[in-house]
Structures are given as structure tokens and as C-alpha cells.
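Trainee: Next input, structure requested:
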Amino acid sequence: MCTVSPAHHPRCLLVLVSCLLLCTCARAQDARFSQLHATQLLSNPALTGVMNAGLRMTLNYQTHFMTLDDTEGFRSVAAAVEVRRPLGRQNVVGLAAQLQHDRAGSSDFIRSQGLVSGSYQQQIAPGHFISGGAQLGVGQRGYDLTKLWFSDQYFVNPVTRAAYLDRRLPSGEPFGGQGSQLYLDVNAGVAYFAGLGDRRGVYVGGAVYHLNGANISPLPGEEDLLLRRYVVHGGGELPLGKGYMSVLPAARVMVQGPSVSALLGGQLRYTERQWREVAMRFGSFLQWTRGRNEKIGLGAIVVLVGLEYDAFQLGLSYDLVVGALRQTTASRGGFELSIVYTTESRRKQRVRCPTF
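Mentor: The predicted model follows:
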């Protein structure tokens with residue numbers, strides 16, 4: 001099947017192969033965001049409410065592969081709200097709600113999910129905490145096959161050799177129209193974090209997503225079990241000299257079936273600590289990926305800039321493709337935008353979290 005003009009049939013093959021690769025990745029691996037500091041709930045439920053605030057609201061928007069010929073690329077939107085409340089003198093609980101919607105390709109393949117999560121943060125030593133968290137929600141996957149064409153609708157004139165489509169004919173497939181599937185999703189994780197003083201902190205954790213292995217096939221009567229996603233991540237903050245600059249290294253490794261995605265890099269953060277704090281961030285990450293029947297290799301270079309002003313934090317990043325899709329995409333990946341808003345807790349926070 002393909003959705004490009006028959007007049008460009010040779011180019012259709014290249015686009016088709018690219019789309020199949022992307023759809024394979026879309027099915028086997030969850031959508032991923034590059035800005036780790038702004039998508040904590042998608043990396044580990046144990047990070048729910050791990051913040052130096054009483055309330056946090058986050059909005060993320062991402063595009064990928066928009067330069068592929070005659071395709072609509074990938075679009076991902078996510079939103080979350082978190083609250084943090086003390087439990088006793090030293091321990092803390094976090095509660096959150098997370099929404100995410102992804103749309104890919106000419107068939108309007110969608111992935112949507114809504115999750116609620118909670119965490120319990122137990123102090124094990126002054127300034128050191130162990131956190132456990134869980135998420136529960138529902139997801140949906142679907143498509144619109146009326147926007148595609150199939151081989152039974154494609155013809156070549158034997159005299160002129162001109163190619164043409166006749167969408168009025170049956171597709172020859174045993175399914176058609178629109179399809180969707182609702183499923184239950186269960187995730188869990190653990191994490192350790194510590195605030196070690198001025199511009200010093202560390203965190204590390206692991207999580208497992210899709211514990212229940214839900215059937216996500218949008219085709220009636222078919223079965224496609226959602227593979228578990230295993231995540232290991234870590235990072236922290238270290239001061240650079242005695243001034244106002246610090247470095248925030250971060251790493252995340254995700255494994256889901258045959259797919260592997262590893263993100264490693266860091267940010268430089270500069271602030272002069274005024275009454276209304278203004279901080280700038282600059283960073284870069286390297287992303288290694290492996291798909292089905294592939295060797296792991298460098299897939300993208302992520303460049304990030306950010307601005308913090310009072311209660312708001314803005315982040316803008318760009319993925320520069322350097323892997324197998326470099327020629328098809330002209331090395332152009334996609335943009336990612338994040339907006340984070342936080343408010344201080346009415347109660348004095350005894351727990352100091354690291355800066356993400």
C-alpha cells in the first residue's frame with residue numbers, strides 16, 4: 001500500500017520502505033521525548049511528585065520525520081499535572097495525572113493514553129530517599145485505512161505505461177474503514193534521589209511499563225500484545241567552580257522487545273540567583289537506537305536550550321538525524337517544546353529534591 005501519486009512510483013518504493021520502518025518502530029516502541037527533565041512520568045512512575053514545589057504542570061509537543069515525502073510524520077502531545085504532599089515529618093507522597101496522544105503517518109495511526117500515578121518517598125538517611133511509584137490507566141490505538149490505497153487498486157496502462165489508482169475498487173484486504181482498541185495499562189518503578197547541598201544532587205531509578213501485556217491490535221479478531229518497556233535512568237547536578245553555573249548530566253536506556261533507545265548527555269545551567277530567579281540552560285544529548293534485525297548505532301544528536309523565569313520553565317530542542325534515515329530525511333529530525341509551571345507548597349518543604 002502507499003499514498004503517493006502513481007506518477008512518482010519509483011519514489012513510492014523509498015517512501016514505502018521508510019514508512020514501514022517507522023510504523024515498525026511505532027508499534028514496537030513507545031513514543032519517546034528527548035527532554036528528560038520535562039517528561040519524568042514517562043520515564044519512571046517513581047518520579048511522581050519528585051520536585052521542589054507543591055504543584056507542577058507540564059506540556060510537551062514533539063514532531064518527527066515531517067520531511068518524508070507525502071507523509072504527515074509523527075506528532076506527539078503530552079500533558080501532566082502533579083502534586084506533592086508531606087506525609088509525617090520526613091516522608092512524602094506524590095500524585096499525578098498524565099495524558100499523551102501520538103499521531104503518525106498517512107493512515108492517521110494514533111496512540112492515546114491517560115494515566116494516574118502515585119509515589120511514596122521514604123527517607124532512608126538525612127537528605128536521601130527511596131521512592132516507589134505505580135501508574136494505572138487506559139490506552140487506545142487505531143487507524144483510518146480509508147486514507148490508504150492497496151495493490152488491488154493500483155494499475156499500469158499496458159500501452160502508455162502510465163500508472164493510476166481506482167479507489168472505488170475494493171482494497172482486497174479483509175478489513176477496512178477505521179479501527180481502534182481500548183486496553184488497560186499498568187506501570188511501576190523505583191528510584192533513589194538525594195539533595196546533597198547547594199547545586200548538588202543525584203537520582204537513579206528503574207521502571208517497567210505495560211506489566212499486563214495488553215492486546216493493542218486495532219484489527220478485529222487479531223492479537224498484538226504490547227511488549228514490556230524496561231527503563232533505567234539517572235542523573236544529577238554538580239557545581240562548576242564557585243560561580244553560578246552547574247552541569248546536569250542525564251542518561252536513559254529503554255528496551256522494548258527488539259528495540260533499544262539510549263539517550264546520554266547533559267545541560268549547563270547558569271543563574272545569578274535574583275529574587276525572581278532567571279536561569280539559562282544549554283545542552284546536548286546523543287541518542288543510540290536499535291530496531292528489529294538492526295545493530296545499535298547513533299541515530300540522532302539532540303541540541304537543547306532552555307529558560308527558567310520565576311515559576312515557568314521553557315525548553316526547546318531539535319533532533320538532528322544521523323542514522324539510517326539520514327538520507328531520506330535530509331538529516332532533519334524534529335522539534336520538541338516543553339513548558340513547565342510550578343507553584344510553591346503552602347507547607348514548608350523539608351525534602352530537597354535534585355534539579356532535573
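Trainee: can you map out the helices along this structure?
Mentor: Assigned by DSSP state H, the chain shows helices spanning 9-28, 326-329.
Trainee: weakest of those helices by average pLDDT?
Mentor: Note on the helices of the chain: helix 9-28 shows the lowest mean pLDDT, a mean of 38.
Trainee: what is the nearest residue to residue 283 once chain neighbours are set aside paired to in the beta sheet?
Mentor: Residue nearest to residue 283 in three dimensions, not counting chain neighbours: residue 267, with 3.2 Å by C-beta to C-beta, 6 or more residues apart in numbering. Quick note: C-beta positions are derived from backbone N, CA and C, even for glycine. Applying DSSP bridges to residue 267 yields these beta-bridge partners: residue 248, residue 283.
Trainee: Please report how far residue 267 lies from residue 237.
Mentor: Distance of residue 267 to residue 237, given as C-beta to C-beta, to the nearest Å: 9 Å.
Trainee: Mind listing the shared neighbours of the two?
Mentor: Taking C-beta atoms under 8 Å, 6 or more residues apart in numbering as the contact rule, residue 267 and residue 237 both touch 247, 248.
Trainee: Contact partners for residue 322?
Mentor: By C-beta under 8 Å, 6+ apart, the neighbours of residue 322 are 298, 299, 300, 301, 331.
Trainee: Can you tell me which of those residues is nearest residue 97?
Mentor: Proximity of the contacts of residue 322 to residue 97 (C-beta to C-beta) peaks at residue 300, which lies at 29.8 Å.
Trainee: For the closest one, grab the count of nearby residues.
Mentor: Residues lying near residue 300 (other C-beta atoms under 10 Å) number 24.
Trainee: what do you get for the one 3 residues further on?
Mentor: For residue 303, the number of neighbouring residues by other C-beta under 10 Å comes to 15.
Trainee: I figured it was touching residue 315, is that so?
Mentor: No. Taking C-beta atoms under 8 Å as the definition, residue 303 is not a contact partner of residue 315, at 11.5 Å.
Trainee: Could you pull out the strands in the stretch 251-356 of the chain for me?
Mentor: 259-271, 278-290, 297-309, 312-321, 332-343 (DSSP state E, counting those that start in this stretch).
Trainee: For those strands, give me TSV that also has distance to residue 233.
Mentor: Formatted as TSV, these follow (distance: least, C-beta to C-beta, whole Å):
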stretch	distance to residue 233
strand 259-271	9
strand 278-290	13
strand 297-309	15
strand 312-321	17
strand 332-343	17
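Trainee: Let me know which of these is the nearest to residue 352.
Mentor: strand 332-343 (14.6 Å).
Trainee: So which elements touch that closest one?
Mentor: Judged by 3 or more C-beta pairs under 8 Å, 6 or more residues apart in numbering; DSSP states H and E, strand 332-343 is in contact with strand 55-64, strand 312-321.
Trainee: quick one: buried residues of that strand?
Mentor: Neighbour-count burial for strand 332-343, counted by 16 or more other C-beta atoms under 10 Å, picks out 332, 333, 334, 336, 338, 340, 342.
Trainee: pLDDT score assigned to the fourth one?
Mentor: It stands for residue 336. Per-residue pLDDT puts residue 336 at 94.
Trainee: I figured it was touching residue 74, is that so?
Mentor: No. In this structure, residue 336 is not within contact of residue 74 by C-beta under 8 Å, at 11.2 Å.
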